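Sequence first, predicted coordinates after that:
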Amino acid sequence: MKIKTVAMIALLALVLTGCTSGRPDAAPGNAAAGGTVSLTGGVPEVVQPLEVRQLVHDTMKDKRIAFIPLLYKGYKITTEWGVQLQRGFESLGSTFTVYDSNFDTDQMVRIIDDLIKSKKADALILHNPDLNVLTQQIKEAQAAGIYVVVLNMTSNQSGDVFIGADLVSMAEEITNKAAVDCKADGKNQIALINGPATDPWNVLYEEGVKTAAEEQGLEIVDTTDSKWQADLASQQAATMIERHGADLCALMVPWDVVALPAGNAVKTAEDEGRVAKDQVGVYAIDSSSDGCEGISDGLIRASIAYDQSGIGTGALLAVQQLFELGNAPGSQRSVAYVPYVVIDKTNMSQVTFACYFGS
Amino acid sequence: MEAAVPLSLAMILSVAIVVMVPLGINDGGSILEEVATKGLLAIGLTVVLVAGGIDLSIGSILGVTALSTLILDRVYGVPMLLVVVLAPVIGAAFGAINGFLIAKIKTRPFITTLVTLIAFRGVAKWLEETYSSRLVVPSTSDIWYFLGQGTIVGIPTPTALFIIILVIAHLSLTRSRWGWHLTSVGSDRRSARRNGINVERSVFSAYILSGALAGFAGLLASARFGRADSGVGLGFEIIVLTAVVLGGVSLSGGRGSVIRAAVGMFVVTIIQQATIVLRMDNGYFATLLAIVLLFFAVLDLKWGTYRERFAAKLSLDPGMTAVGPLIDVTVLDTLWTVNGRLTDAPPIGLGLIEGAEDCAIDDGGHLYCGDRRGWIWRFEGPDHAEGKVFARTGGLPLGHAWDLNGNLLVAVGGMGVQRILADGTTELVANQVKRSRFSLHDDSAIRFADDLDVAPDGSIYVSEFSSRTSAAEYMLEFVECRPNGRLIRINPDGSTEVVIKNYVSPNGVCTSHDGQSILVASTGLFRVDRLWISGPKKGQLEPVLEDLPGYPDNMNRASDGNYWMSFVAMRTPVSDLLMKYPAMRRRMTKELPVDEWFVPQLNVSCVLKFTDSGQVLKVLWDETLENYPMVTSINEHEGSLYLSGVQNNRLGRLELDPEDRGSIDTRRVPMTQQARTSFSEAEK
């Protein structure tokens, strides 16, 4: 009995001492991963142009860059980034691979886990679906000596670089635009067709719209989660018109891909006489060539074009810079925003980065 | 054993994947993490499947609990330790809804859990809409980290917890009353109920457990990902279902092991990891999974139908036996020459009895004998003209003997050893022995008790013809001829012990006249051995008779200090030849129906008398084979020989030659002063 008790205590002690919380302490990797030749510390102050070209190529050669978007094939926004990245990295001799998680968060986590654990990448370019979900992966990647660049959708855990849109400002601006139109019509009710609640895009957009709506005296009468799905957005738009009909003047939809079906639902309602013509406008964010078509067809009244191609190029530059400077992953963090502009029928053809093709 | 085929196919599949796909040691970590979460669901689903149900709602329960734990922690600030406890409780509450509907209201498990799959997901969506925006703050508790990324003795926490739960679940399912009840309910609900098992409670507990495990898995998923949307666990049910079916858990209930389910989970996760490493679209994984599930579900169905036949073929492994010289009984004027001395023995119970293997006579001269319908007959002495069913054993009554108190002991095939009291009631003496260690085959039950006798100290020696086959499958033993049998001693205190193991078809058992040894007949090797139970050679086995011309059956003491023995079959040159060719015998069992198998000549009736030293004194036959085509036991009593036969429709009573008559009471246990039998006391 006594022996058993002692043995149990010993075992328990062993188990307890063997426990770790796994909380990564601030233990940064001591060096950048990768290539044999590196520009650690950046480009020399005085250097021949040919020499510096060679140095950059040597640094970037055989670097493995992995891009893990929420979804890829058939989505102009991510292909626009991917195409820029591909062109850039391939010209530098790096390997660029797209891993399509196909709108499946679990799948995305598994892909990233696999890339980190099998050391299949020197830099990760992430497109984050949820504020918390990639926390661990970002930390682990940096601890494993992999740079992390996050595109457009921010995370609670910072990567080395974030490049994307300043969504709060964009949301305020498009709401101001909607306010102008609403006031002209003598109405003040707007509704949001947003994304999933913990989606970073959703969180920031709602914040911007709320702030501007308050300032402008607009009332947000409804908020739904479209899960970024066209059919849901279309249903939700129809329902909102049904419920708030007479006083509604704007549907705020933060992505043209879901703004288009919402616009179609509005058009159908107008055709069926359930709402007055031009009473409800759809205000979007982003404008691929499809979005622009929607604007010219009157499905979307106004949108904000932001530099998608610039996000791709920016990520390309950020990755190059990370490798050239050679700081340990996670040791410094920076955020960069791309330019944006409000577009509608009148000006969209004059904005360079509006109506992009994703190619 | 039963899941060997699906499980080995699954293992081959995973090895093939590992070989074909560049999966490295680095994928091991990801696979383990994945298995730890979904493996908990697999354990729950296995328990439900074993209980004869199905639980499709596990993925949804996981989703709801995952969200609930985040809400409890981040919105309500519930202490993390409490959240850890609450997670399985929440899961169990949802499981209780399933359990209530299925066990109490008696709805169909498939439809019920399909509905709750959607309903619980709806709850998750409502939670998401209500709370998600408040869940964006990152977690701060160390317990989250510990559950998600920590380690216990170097093993990642989720994996360590999973292993602990797996072991507990395995032990509970295989070694506890609860587990046995669950398995019985899943195998056959109706007979479970008739055996007094609370079916409702068993089924209900299975769903509760499944829910609780899903709840705990939800906690682990939250700790690992911190995903705060309602899509956590979406589609897990099909992944887990595939895994458990791959692991050989039967969809039709009653058969399955959580360990094997965990192996199946590994296989599925390896497939999943392979699709990720190969950068395949996740649609491929879903399709692959569907194909695998379909294949293994069909296998489960077919395997379930043909399993026993297949297992019988697989487990039948004829042995090669070197056969000694064969005495030709057809040569005239030898000791062994066929004769007609049994032919005219007057019958007892003609037309009443069906296959009495052995018989016994009490003090009052009343005759008791078995019947293959499970009965024990009693024929009134002294003429045995009238008989009635005296007792019912429920199995196949074989050897008979009197114990020290004068009660009748019967070796009952399928039941063990029973004692029959004077009022005709039966009581169990023993039906199990300690299971042999390191044996895959569970040999703890006494399945095929054949003959028995009592030693002077009151212990009972029982031969078990085979610990692998039942009495109904004795033909398999003839064909296989391997040391599957054993001699078991039942001590006076009821404990049991195997005294000779690995013995080829032990059959007749007889205590020697001096009470020092036990004679055991090996039917398959046509020999008789002696086991010393006291004296200087105690514990040793030595031969008494070898190379007999027939296959020995029961043995009993004769009144003149010798022994009577009968042959159940005779050797022939062809049967001897077959003994040397096991492959031929195996082929025979595969290609021919049982009644066309070539086995020794069963329809004979040969009885012999031999001495303690192994000398055969005389041989009696019924050469016509009309009255006593098979004699399986000879009992001598007061100048008469009683002939029993397991395939005869009568007993025979033969007047003894005067030279055979001796003074020993054959029914008395040697070296004891047996009092009057309780049977004769009951008569008064």
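Structure received. Residues are numbered from 1 along each chain as shown, chains lettered A, B, ... in the order given.

any idea how chain A splits into domains?
A:38-165+A:309-339, A:167-284 (automatic domain parsing).

Indicate the residue of the stretch 501-650 of chain B located nearest to chain A.
Scanning the stretch 501-650 of chain B for the residue nearest chain A gives B:Lys501, at 33.6 Å (criterion: Cβ to the nearest Cβ). Where C-beta positions appear, they are placed from N, C-alpha and C, glycine not excepted.

In terms of helices and strands, where is A:Ala178?
For A:Ala178, the element it lies in under DSSP states H and E is helix A:167-185.

let me redo that: A:Thr224
strand A:219-225.

Who are the packing partners of the helix holding A:Ala178?
Applying 3 or more Cβ pairs under 8 Å, 6 or more residues apart in numbering or on different chains; DSSP states H and E, one finds that helix A:167-185 makes contact with strand A:189-194, helix A:200-216, strand A:248-253, strand A:281-284, strand A:302-306, strand A:340-344.

run the last query once more with 10 Å
strand A:189-194, helix A:200-216, strand A:248-253, strand A:281-284, strand A:302-306, strand A:334-337, strand A:340-344 (3 or more Cβ pairs under 10 Å, 6 or more residues apart in numbering or on different chains; DSSP states H and E).

Could you check the ones you listed and tell me which one is nearest chain B?
Nearest to chain B among the helices and strands packed on helix A:167-185 is helix A:200-216 (6.0 Å), distances taken as Cβ to the nearest Cβ.

low pLDDT regions in chain B?
In the predicted model of chain B, residues B:1-4, B:312, B:674-678, B:680-684 satisfy pLDDT under 70.

Can you give me the domain assignment for it?
Looking at automatic domain parsing, the domains of chain B come to B:4-309, B:347-433+B:443-683.

what's the burial count for B:Val544?
21 (other Cβ atoms under 10 Å in any protein chain shown).

typed the wrong thing, it's B:Ser176
Applying other Cβ under 10 Å, we find 11 residues neighbouring B:Ser176.

which residues of the stretch 1-150 of chain A fall in helices?
A:2-17, A:49-60, A:76-91, A:105-117, A:135-143 (DSSP state H, counting those that start in this stretch).

Including mean neighbour count and mean pLDDT, could the domains of chain A go into JSON lines?
JSON lines is the format used below for the domains of chain A (neighbours: other Cβ atoms under 10 Å in any protein chain shown; pLDDT from 0 to 100):
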{"stretch": "domain A:38-165+A:309-339", "mean neighbour count": "20", "mean pLDDT": "92"}
{"stretch": "domain A:167-284", "mean neighbour count": "21", "mean pLDDT": "93"}
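
my guess is the residue of the stretch 501-650 of chain B closest to chain A contacts B:Arg489, does it?
No. The criterion here is Cβ atoms under 10 Å, and B:Lys501 misses it with B:Arg489 at 11.9 Å.

higher neighbour count, these two?
Counting neighbours by other Cβ under 10 Å for B:Lys501 and for B:Arg489 shows that B:Arg489 has the greater number, 21 against 16.

quick revisit: could you work out which of the helices and strands packed on helix A:167-185 reaches nearest to B:Phe266?
helix A:200-216 (34.9 Å; Cβ to Cβ).

which residues does the residue of the stretch 101-250 of chain A found nearest chain B contact?
Proximity of the stretch 101-250 of chain A to chain B (Cβ to the nearest Cβ) peaks at A:Ala197, 3.0 Å away. Neighbouring residues of A:Ala197 by Cβ atoms under 10 Å, 6 or more residues apart in numbering or on different chains: A:130-131, A:203, A:206, A:223, A:225, B:128-136, B:228-230.

Tell me which helix or strand B:Thr321 sits in.
For B:Thr321, there is no enclosing helix or strand under DSSP H and E.

ok, now which ones touch the closest residue to B:Glu200 other than its chain neighbours?
Nearest residue to B:Glu200 in three dimensions, chain neighbours excluded: B:Ala103, at 4.6 Å (Cβ to Cβ, 6 or more residues apart in numbering or on different chains). By Cβ under 10 Å, 6+ apart, B:Ala103 lies in contact with B:51, B:53, B:96, B:109, B:198-208.

for the residue lying closest to A:Cys355 once chain neighbours are set aside, phi and psi?
With Cβ to Cβ, 6+ apart as the criterion, A:Cys355 has its nearest non-adjacent residue at 3.8 Å, and that residue is A:Cys292. Phi and psi for A:Cys292, reported as degrees, to the nearest 10, are phi -60, psi -40.

And the one 3 residues further on, by the same measure?
Note on A:Ile295: backbone dihedrals following degrees, to the nearest 10 are phi -70, psi -40.

what about it, neighbour count?
Neighbour tally, A:Ile295, other Cβ under 10 Å: 28.

My read is that it contacts A:Ile304, right?
No. In this structure, A:Ile295 is not within contact of A:Ile304 by Cβ under 10 Å, at 11.5 Å.

what is in contact with those two at once?
A:Asp256, A:Ala284, A:Ser287, A:Ile343, A:Ala354.

Just the pLDDT for the fourth one.
The model reports A:Ile343 with a pLDDT of 96.

so what's it up against?
By Cβ under 10 Å, 6+ apart, the contact set of A:Ile343 is A:177, A:284, A:287, A:291-292, A:295, A:300, A:302-305, A:349-351, A:353-355.

Identify the bridge partners of it.
A:Ser303 (DSSP bridges).

That one and B:Val619, how far apart?
According to Cβ to Cβ, to the nearest Å, A:Ile343 and B:Val619 sit 115 Å apart.

Is the closest residue in space to A:Trp81 that isn't next to it in sequence in a helix, a strand, or coil?
Nearest residue to A:Trp81, sequence neighbours excluded (Cβ to Cβ, 6+ apart): A:Gly312, at 3.7 Å. Using DSSP: H, G, I helix; E, B strand; the rest coil, the structure places A:Gly312 in helix.
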